[in-house]
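> using only what follows, build the 3D model:
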Amino acid sequence: MWPRSTGSPPARPPGAGPAYAPFDAVLCDLDNVIRFYDMAGVTELERAAGLAAGTTTKVAYAPEVDLPLLLGRITPDEWVEAITRGLMDLPAGRRAHGRGTGEPVTGEPMTDGPVTDGPVTDGPVTDDGPAGAGGAGAGSPGPDAWARELGRALARAPFRADPAVVSLLRRARARVPLVLVTNASLQLDYDLASLGLTDLADAIVSSAAEGVAKPDRAIYEIAAARAGVPMERCLFVDDRQENIAAAVALGMTGVLFREPADLERALGPVLDGSPREAAHGDTAEEDTWVAR
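Below is the predicted model of the structure:
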């Protein structure tokens, strides 16, 4: 059975042998598929501030806060300042710090991951906010210091690559082109280098570099072109249903990722095939957290 797929694999052509694969390239998401974040530090700060767990991510990944970063229009520091302002506007934030009587924000459980691909400040965030913002170097901590601390904690959340997923993708890349398609900031290269994954894919399509983000059809068209494969011959892997639906609407085969077994089943048709002439990085992967 085709795993968690919104679309169906193309029919096997008459006479096709056992090595036939229903796709000729793999387009894969990064965050919540390959890369995962440790949010324990953020959760602890939220508890200390009287906020429900998940409040900071709810503010940070609202489109009006997150999309400018994803499109390369603001820096990670400016993103932190936008998160700070959003948290200061919450009734829960004012109540927790003696500035109101609103009830704590509960939000929805973050069971399906962030609204975007994950914490997307891919480079280091400095300690100094904009002048007059109450950041380090601006004198005594301002009334928004707690909110800025939460924003910085989110931007600096430790992350790791899932070794099982990385291993599967390296095996697949030995047989078909692999393209990473991710909503991320302009500093994505910094994080990939930190994870030791600069050589994982044949190409990387980043929203900030291209000026367009998933689920806009343009980013899928760019990714297929980078792979050198028609869209109907692409396997698209992502953890968000809306991104899968957009890919399937363009003729791709979509796989909703929840665990490495989903990816392994989807890649089955190519994992046992003959490798391309130049295999890449067929080595064991280590599960290591990276801290900013």
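> thinking residue 250 is in contact with residue 217, fair?
Yes - if you go by Cβ atoms under 8 Å, residue 250 and residue 217 touch, sitting 6.0 Å apart. Quick note: C-beta positions are derived from backbone N, CA and C, even for glycine.
> residue ranges with poor pLDDT in the stretch 51-200 of the chain?
Within the stretch 51-200 of the chain, the ranges that satisfy pLDDT under 70 run 92-140.
> what comes up buried for stretch 70-85?
70-72, 74-77, 79-84 (16 or more other Cβ atoms under 10 Å).
> now the helices for this structure?
Here the chain has its helices, by DSSP state H, at 40-49, 55-60, 63-70, 76-88, 91-96, 145-155, 163-173, 188-195, 207-210, 217-227, 241-249, 260-271.
> check which helices and strands the fourth one is in contact with.
Helix 76-88 makes packing contacts with helix 55-60, helix 63-70, helix 145-155 when contacts are defined by 3 or more Cβ pairs under 8 Å, 6 or more residues apart in numbering; DSSP states H and E.
> output that helix as PDB, nothing but the C-alphas.
The C-alpha trace of helix 76-88 is given here as PDB (Å, rounded to 0.1, in the frame of the first residue of the first chain):
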ATOM      1  CA  PRO A  76      16.800  36.500  12.400                       C
ATOM      2  CA  ASP A  77      17.200  39.400  14.900                       C
ATOM      3  CA  GLU A  78      14.300  41.200  13.400                       C
ATOM      4  CA  TRP A  79      12.200  38.100  13.600                       C
ATOM      5  CA  VAL A  80      13.000  37.800  17.300                       C
ATOM      6  CA  GLU A  81      11.800  41.400  17.800                       C
ATOM      7  CA  ALA A  82       8.600  40.600  15.900                       C
ATOM      8  CA  ILE A  83       8.100  37.700  18.300                       C
ATOM      9  CA  THR A  84       8.700  39.900  21.200                       C
ATOM     10  CA  ARG A  85       6.100  42.400  20.100                       C
ATOM     11  CA  GLY A  86       3.600  39.600  19.500                       C
ATOM     12  CA  LEU A  87       4.100  38.100  23.000                       C
ATOM     13  CA  MET A  88       3.800  41.600  24.600                       C
END
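> relative to helix 40-49, how tilted is that helix?
In terms of direction (axes from the mean of the first three to the mean of the last three Cα atoms, to 10 degrees), helix 76-88 departs from helix 40-49 by 30 degrees.
> and if you look at the last one?
Here helix 260-271 runs at 160 degrees with respect to helix 40-49, directions being taken by the same axes, to 10 degrees.
> name the helices or strands packed onto helix 260-271?
Packed next to helix 260-271, using 3+ Cβ pairs under 8 Å, 6+ apart, are helix 163-173, strand 234-238, strand 253-256.
> buried residues in the first one?
Translated: helix 163-173. 165, 166, 167, 168, 169, 170, 171, 172, 173.
> can you check stretch 202-219 too?
202-210, 212-215, 219.
> outside of it, which residues touch it?
With contact meaning Cβ atoms under 8 Å, 6 or more residues apart in numbering, stretch 202-219 is reached by 67, 69-72, 173, 177-186, 188, 192, 220, 222-223, 226-227, 238, 240, 242-243, 245-246, 249-250.
> need the buried ones from those selected in PyMOL.
Remark: buried members of the contacts of stretch 202-219, expressed as a PyMOL selection using 16+ other Cβ under 10 Å:
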select buried, resi 67+69+70+71+72+173+177+178+179+180+181+182+183+184+185+186+188+192+220+222+223+226+227+238+240+243+246+250
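> tally up the residues packed near residue 199, please.
For residue 199, the count of nearby residues is 11 (other Cβ atoms under 10 Å).
> alright, I will stop here.
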